[in-house]
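Asker: Dropping a prediction and its sequence here:
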Amino acid sequence: MHNDATATIRHRVTIATLILNIVGGIIFVLVNIAIDEISAITFAAAISAIGGAVLLVAYLYGWGYARHSLILLNTLLAAFEIQEPFLSQQFAVGIFIPPIIAMILTGPAEIFLSMVTIYSILLIRAGGEGIYADGLAIIVHSVVIAGMMISRFTADALQRQVQENAKGAEAARAEAEARTREIEEATEQIEVRFDEQKSLLELVSTLETPVVPLADGLLLAPIIGHVDSRRAEAMTERLLHAVHNQRAQTIVIDITGVTVFGQEVVEALSETVRSLRLLGTDVVICGMRAEIASSMARLEITLDDNVKFVRTPQEALERYVPNLRERYV
């Protein structure tokens with residue numbers, strides 16, 4: 001993407017330089033005609049403008065060597081069309097035009113080659129004498145060209161650095177997007193697992209304390225395994241919802257399957273019974289063992305006086321179903 005942007009800028013600069021070369025040549029020719037000072041330089045400017053127009057058309061049709069051709073054209077014109085007194089007596093500013101075009105369109109090597117070509121041809125044409133053979137002039141021209149080359153080299157280095165930074169930023173952005181996608185995918189997986197675990201917990205909660213209708217108005221809630229504070233709270237909540245939703249008058253809590261019956265279990269059972277009684281539900285407990293009764297006595301925990309005890313769920317069914325039927329008679 002950044003290479004495309006650089007190519008676009010270079011394309012626009014090339015077109016602008018070609019147009020400027022054409023316009024500048026035309027203006028120079030018109031001014032010389034207006035002041036009636038037509039010379040070899042005037043013809044050189046006209047050739048430069050015409051050549052620039054041809055190169056512009058060629059470049060627009062995709063010819064990639066138009067830039068180098070423009071530099072070569074102006075280099076040769078500057079080297080061969082400069083006449084006296086600018087050949088051996090006075091310095092011609094126009095010899096810097098081709099290197100400037102090279103600095104805009106190409107690079108340090110083209111700047112150097114353009115200036116060396118112009119300077120060498122001018123020296124040959126002047127017989128190795130004159131202004132361009134002067135040591136001070138050579139030093140001045142060398143310093144100017146060196147400055148142009150350094151400027152172009154610095155600009156190219158900065159451009160490469162900008163492109164590298166842009167590539168680094170693009171890579172960082174792509175990496176950040178990839179990490180974002182990974183995080184989103186991980187989040188989705190976590191949410192899926194959370195929903196699965198939530199469903200499993202709900203299933204476990206249901207299986208831990210199932211509520212089974214034995215008859216109309218009579219529910220059975222068998223409690224199996226170890227009872228801790230979490231399960232006790234969930235058990236109480238489930239029984240209350242079941243009694244309320246099914247409008248049960250009696251619930252049988254079977255504690256035969258409770259493996260460990262310590263203080264926590266006894267207190268949980270007592271709390272559950274009290275909560276159920278607040279709903280006006282008769283509570284029947286079956287499966288009470290001797291060690292359970294001993295624990296309740298030792299801990300001085302008593303249940304509601306209206307709580308009934310039976311040995312088995314079958315006994316509860318035989319005892320309380322007739323009474324329930326009488327309520328509806």
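Answerer: Now that the structure is in, tell me what you want to look at.

Asker: alpha carbons only for contacts and neighbour counts from here, please
Answerer: Will do.

Asker: how about the helices in the stretch 1-150 of the chain?
Answerer: Under the criterion DSSP state H, counting those that start in this stretch, the stretch 1-150 of the chain carries helices at the ranges 2-34, 40-60, 66-81, 97-105, 108-125, 135-208.

Asker: Low-confidence ranges, this protein, go.
Answerer: 1-4, 199, 201-208, 260-262, 299-304, 322-329 (pLDDT under 70).

Asker: and the helices of the stretch 1-150 of the chain as JSON lines, adding distance to residue 313?
Answerer: Output for the helices of the stretch 1-150 of the chain, formatted as JSON lines (distance: least, Cα to Cα, whole Å):
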{"stretch": "helix 2-34", "distance to residue 313": "81"}
{"stretch": "helix 40-60", "distance to residue 313": "98"}
{"stretch": "helix 66-81", "distance to residue 313": "102"}
{"stretch": "helix 97-105", "distance to residue 313": "100"}
{"stretch": "helix 108-125", "distance to residue 313": "102"}
{"stretch": "helix 135-208", "distance to residue 313": "18"}
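
Asker: Mind putting those helices into JSON lines with distance to residue 289 and mean neighbour count?
Answerer: Below are the helices of the stretch 1-150 of the chain laid out as JSON lines (distance: least, Cα to Cα, whole Å; neighbours: other Cα atoms under 10 Å):
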{"stretch": "helix 2-34", "distance to residue 289": "83", "mean neighbour count": "15"}
{"stretch": "helix 40-60", "distance to residue 289": "102", "mean neighbour count": "19"}
{"stretch": "helix 66-81", "distance to residue 289": "104", "mean neighbour count": "20"}
{"stretch": "helix 97-105", "distance to residue 289": "101", "mean neighbour count": "22"}
{"stretch": "helix 108-125", "distance to residue 289": "102", "mean neighbour count": "19"}
{"stretch": "helix 135-208", "distance to residue 289": "20", "mean neighbour count": "13"}
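
Asker: what about those, which gets the closest to residue 222?
Answerer: Checking these against residue 222 by Cα to Cα gives helix 135-208 as the closest, at 8.6 Å.

Asker: Output the contacting helices and strands for that closest one.
Answerer: helix 2-34, helix 97-105, helix 108-125, helix 229-246 (3 or more Cα pairs under 8 Å, 6 or more residues apart in numbering; DSSP states H and E).

Asker: Can you redo the ones you listed as JSON lines, where the extra columns are distance to residue 139?
Answerer: Shown next, in JSON lines, are the helices and strands packed on helix 135-208 (distance: least, Cα to Cα, whole Å):
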{"stretch": "helix 2-34", "distance to residue 139": "28"}
{"stretch": "helix 97-105", "distance to residue 139": "16"}
{"stretch": "helix 108-125", "distance to residue 139": "12"}
{"stretch": "helix 229-246", "distance to residue 139": "94"}
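
Asker: Among the ones you listed, which comes closest to residue 162?
Answerer: Using Cα to Cα, the helices and strands packed on helix 135-208 put helix 2-34 closest to residue 162, at 9.5 Å.
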